[in-house]
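> need a structure here:
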Amino acid sequence: NIHATISLLPHLRRHRHLKIAALSVALGLARPFIRCRPTSSSVAFAFHQSPQHSSRARRPAWLIPSNTMPPSARTRGTSGAFTEREASTLDAFDDGMPFATVPSTPQGSRLGKLTVSELKQQLKDLNLPVSGLKADLIQRLDSHHQSSPILQPDLERTSNGTVKSRYFSTATDSEKASTPPVAKGTAKRTPTPTKSSRSTSKSPKRKSDESNDFVTPTKSKTKSPTAKSTSPRKRIKIEPGSMTPPFGWEDIYSLVNELRSDRSAPVDTDGGEALPEKHLGEVVHRYQVLMALMLSSQTKDAVVGETMRSLQKHGLTVENIHKTDSELLNKLIGKVGFHNNKTKYIKQATEIIITQYNGDIPSTADELMTLPGVGPKMAYIVESVAFGTVTGIGVDTHMHRIFNQLAWVDSKNPEGTREQLEGWLPRDKWDEVNVLWVGFGQEVQQQKEKMLKKALQCSAPKEALRLLDRLGLDVEKEGKRFGLEDKVNIAMAGK
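Model prediction:
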């Protein structure tokens with residue numbers, strides 16, 4: 001079976017996923033012949049240099065023909081190696097694929113015997129991530145068990161093939177002696193179930209959360225008062241100023257400031273700062289700032305600007321929007337994304353502003369986020385533009401994408417980007433960072449020719465072009481497209 005599987009590999013050169021699957025089958029079949037040796041951190045495959053295969057600098061010992069392996073390197077009890085024909089067949093296969101390693105801890109040897117689905121089930125029970133390869137799952141479980149010195153899982157495979165997990169205590173004698181006695185009225189735990197417990201209850205045994213002992217559950221379906229419900233782990237909040245700034249961020253920040261000095265991006269003309277009517281008074285101005293931000297979600301700034309001007313012509317005040325029919329309001333904002341939902345949110349928010357805030361919008365980000373359709377990004381920007389107060393950074397998709405590309409943050413969503421950015425960015429830049437980088441991201445994606453010309457004309461053209469290329473703008477391709485190829489080549493060749 002091993003030879004038949006190996007013989008398929010040369011025919012799967014262009015089908016990597018099939019090749020990987022075939023190799024996995026081969027490794028599974030050859031498992032009894034694999035010789036391992038323990039190291040300080042893992043159990044790795046033993047390697048041997050074959051004189052007949054000098055091009056292979058390092059080759060697993062079980063792939064070396066038995067007649068070329070020294071006696072000390074052969075596995076006892078079996079041949080421990082493939083034949084010369086099988087090894088030569090594998091020469092056509094790319095053996096650079098990494099092999100999974102199993103942690104050398106006592107738990108690693110147990111966890112390595114489980115399947116991927118069984119490992120994932122163990123991770124789910126512990127509220128841990130279940131993504132990654134088998135080696136990652138094993139390492140994650142092993143790290144978790146090492147970080148919990150009192151409880152360690154003892155994994156057993158039952159007769160029907162399923163996995164049974166029970167916990168055994170690894171506490172020292174002194175720790176056991178210092179353990180407080182069981183309170184009166186709680187269930188008494190014994191190392192093994194007694195005959196009386198087996199005879200009095202036919203229910204299955206329940207796992208204890210504190211030792212390897214089993215507790216026979218009562219017939220009552222009510223939860224025990226001492227039982228703890230499992231809940232997902234809480235994310236640790238990042239405090240502002242608690243993180244180390246990324247290396248070289250100030251140079252990039254100042255370069256972007258120079259590239260954005262003309263303030264000609266769409267956000268500069270159709271954003272939340274530019275659109276509201278200041279001449280109608282502060283209360284109307286603040287309300288229009290909120291409306292502009294609510295309309296901007298999932299919508300380009302040019303469309304937001306057109307919609308805001310239509311609303312302003314209709315009368316964009318708290319009182320007028322409150323008495324405007326929902327059908328008419330939906331028609332006025334029909335060009336923005338998700339206009340049906342936004343119509344509902346605007347009407348509800350306006351009602352709350354009139355009844356609870358005397359016709360003016362809330363003055364803090366926390367209060368703004370209680371309004372329907374208002375999230376952290378909108379709340380922090382409205383707070384900054386309308387009241388001049390900065391308590392957080394409004395992060396949109398452009399900032400989330402760019403800061404992850406620059407490796408300034410490592411996050412999966414804009415909210416995570418906001419927390420990490422606030423962790424190291426100086427507070428004096430919180431007010432400007434949104435407009436600065438949103439406009440920069442818009443120009444990089446939507447106005448490539450203009451951005452290339454500005455990069456070539458700035459004080460550091462080579463660094464600017466490298467920054468654009470790092471953010472996904474193909475400098476060479478776009479240079480040819482817009483007739484700037486020679487200037488780009490000269491700038492990139494400069495110091």
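
> what bits of the stretch 101-250 of the chain have low per-residue confidence?
Applying pLDDT under 70 to the stretch 101-250 of the chain flags residues 101-109, 147-236.

> residues in contact with the closest residue to residue 311 other than its chain neighbours?
Here the nearest residue to residue 311 in space, its sequence neighbours aside, is residue 332; by CB to CB, 6 or more residues apart in numbering that works out to 5.8 Å. Just so you know, the C-beta spots here come from the backbone N, C-alpha and C atoms, and that holds for glycine as well. With contact set as CB atoms under 8 Å, 6 or more residues apart in numbering, residue 332 has these partners: 307, 310-311, 314.

> do you know how far residue 422 is from residue 391?
10 Å (CB to CB, to the nearest Å).

> hang on, residue 21 is in a strand, isn't it?
No. Applying DSSP: H, G, I helix; E, B strand; the rest coil, one finds residue 21 to be helix, outside a strand.

> Just give me the neighbour total for it.
For residue 21, the number of neighbouring residues by other CB atoms under 10 Å comes to 14.

> Which elements pack onto the longest helix seen in the chain?
The longest helix of the chain (DSSP state H) is helix 339-356. Packed against helix 339-356, as judged by 3 or more CB pairs under 8 Å, 6 or more residues apart in numbering; DSSP states H and E, are the following elements: helix 282-296, helix 318-323, helix 326-332.

> and with 10 Å instead?
helix 282-296, helix 301-314, helix 318-323, helix 326-332 (3 or more CB pairs under 10 Å, 6 or more residues apart in numbering; DSSP states H and E).

> got the buried residues for the shortest one?
Residues 318, 321 are the ones in helix 318-323 that count as buried (16 or more other CB atoms under 10 Å).

> Report all helices and strands that it contacts.
Against helix 318-323 (3+ CB pairs under 10 Å, 6+ apart) you get helix 282-296, helix 301-314, helix 339-356.

> In JSON lines: those, plus mean pLDDT.
Output for the helices and strands packed on helix 318-323, formatted as JSON lines (pLDDT from 0 to 100):
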{"stretch": "helix 282-296", "mean pLDDT": "95"}
{"stretch": "helix 301-314", "mean pLDDT": "94"}
{"stretch": "helix 339-356", "mean pLDDT": "95"}
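
> returning to what we had before: for residue 422 and residue 391, indicate the residue with more neighbours.
residue 422 (22 against 15).

> where does that one fall, helix, sheet strand or coil?
Reduced to three states by three-state DSSP, residue 422 is helix.

> The residue lying closest to residue 317 once chain neighbours are set aside: how many residues sit nearby?
In space, and not counting its chain neighbours, residue 317 is closest to residue 284: 5.4 Å by CB to CB, 6+ apart. For residue 284, the count of nearby residues is 22 (other CB under 10 Å).

> was I right about residue 262 contacting residue 454?
Yes. Between residue 262 and residue 454 a contact is recorded at 7.6 Å, counting by CB atoms under 10 Å.

> So which of those two has more stuff around it?
Comparing residue 262 with residue 454 by other CB under 10 Å, the one with more neighbours is residue 454, at 20 against 12.

> What strand or helix carries that one?
Following DSSP states H and E, one finds residue 454 within helix 448-457.

> which helices and strands sit right next to that helix?
helix 249-259, helix 433-446, helix 461-470, helix 475-481, helix 485-493.

> Residue 408 is nearest to which of these?
helix 249-259 (6.3 Å; CB to CB).

> same for the next helix or strand after the closest one, what does it pack against?
Later in the chain than helix 249-259, the nearest helix or strand by DSSP H and E is helix 266-270. Contacts defined by 3+ CB pairs under 10 Å, 6+ apart place helix 266-270 against helix 282-296, helix 301-314, helix 433-446.

> Tell me which of those helices sits nearest to residue 3.
helix 433-446 (54.4 Å).

> Format the CA atom coordinates belonging to that closest one as CSV.
What follows is helix 433-446, C-alpha atoms only, in CSV (Å, rounded to 0.1, in the frame of the first residue of the first chain):
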residue,chain,number,x,y,z
VAL,A,433,-5.1,61.0,11.7
ASN,A,434,-8.6,60.1,10.3
VAL,A,435,-8.8,62.8,7.6
LEU,A,436,-5.1,62.5,6.8
TRP,A,437,-5.0,58.8,6.2
VAL,A,438,-8.5,58.4,4.8
GLY,A,439,-7.7,60.9,2.1
PHE,A,440,-4.3,59.3,1.4
GLY,A,441,-6.0,55.9,1.0
GLN,A,442,-8.6,57.3,-1.4
GLU,A,443,-5.9,58.9,-3.6
VAL,A,444,-3.9,55.7,-3.6
GLN,A,445,-6.9,53.7,-4.8
GLN,A,446,-8.9,56.1,-6.8
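
> pLDDT (mean, whole number) over that helix?
Average pLDDT, helix 433-446: 94.

> Check which residues of that helix are buried.
For helix 433-446, the neighbour count (16+ other CB under 10 Å) marks 433-444 as buried.

> that older thread, give the buried residues for the longest helix of the chain.
Residues of helix 339-356 classed as buried: 339, 342-343, 345-347, 349-350, 353 (neighbour count, 16+ other CB under 10 Å).

> Format these as CSV; extra columns: distance to residue 372.
Below are the buried residues of helix 339-356 laid out as CSV (distance: CB to CB, whole Å):
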residue, distance to residue 372
339, 15
342, 10
343, 11
345, 4
346, 9
347, 9
349, 6
350, 10
353, 11
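
> neighbouring contacts of the helix holding residue 454?
255, 258-262, 264-265, 440, 442-445, 447, 461-469, 471, 473-475, 477-479, 481-484, 487-488, 490-491 (CB atoms under 10 Å, 6 or more residues apart in numbering).

> and the angle from that helix to helix 485-493?
50 degrees (axes from the mean of the first three to the mean of the last three CA atoms, to 10 degrees).

> Can you list the buried residues in helix 448-457?
With burial defined by 16+ other CB under 10 Å, the residues of helix 448-457 counted as buried are 448, 451-452, 454-456.

> Tabulate those (CSV), appending distance to residue 361.
Listed next are the buried residues of helix 448-457 as CSV, based on distance: CB to CB, whole Å:
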residue, distance to residue 361
448, 37
451, 35
452, 41
454, 36
455, 39
456, 44
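
> so which of those residues comes closest to residue 398?
For the buried residues of helix 448-457, the nearest to residue 398 is residue 451 (13.3 Å; CB to CB).

> distance of that closest one from residue 341?
Counting by CB to CB, the gap from residue 451 to residue 341 is 33 Å.

> and if you look at residue 492?
In terms of CB to CB, residue 492 sits 47 Å off from residue 341.

> tell me the contacts of the residue nearest to residue 317?
Under the criterion of CB under 10 Å, 6+ apart, the neighbours of residue 284 are 276-278, 312, 315-320, 359-360.

> Buried only: go through the residues you listed for me.
Buried among the contacts of residue 284 (16+ other CB under 10 Å): 276, 312, 316-318.

> nearest to residue 410, of these?
residue 276 (35.4 Å).

> wait, is the closest one part of a helix?
No. Counting by three-state DSSP, residue 276 is located in no helix; its state is coil.

> what residues are up against it?
Counting by CB under 10 Å, 6+ apart, residue 276 touches 284-292, 308, 312, 316, 385-386.

> quick revisit: between residue 422 and residue 391, what contacts are shared?
240, 380, 430.

> Any figure for the gap between the last one and residue 424?
Residue 430 sits 12 Å away from residue 424, taking CB to CB as the criterion.

> which residues are in contact with both of these two?
By CB under 10 Å, 6+ apart, the residues touching both residue 430 and residue 424 are residue 240.

> picking up where we left off before, and the residue nearest to residue 311, how close does it get to residue 308?
Per CB to CB, residue 332 is found 10 Å from residue 308.

> one step back: Serialize the helices and strands packed on helix 318-323 to TSV and add fields for distance to residue 130.
Shown next, in TSV, are those (distance: least, CB to CB, whole Å):
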stretch	distance to residue 130
helix 282-296	36
helix 301-314	40
helix 339-356	33
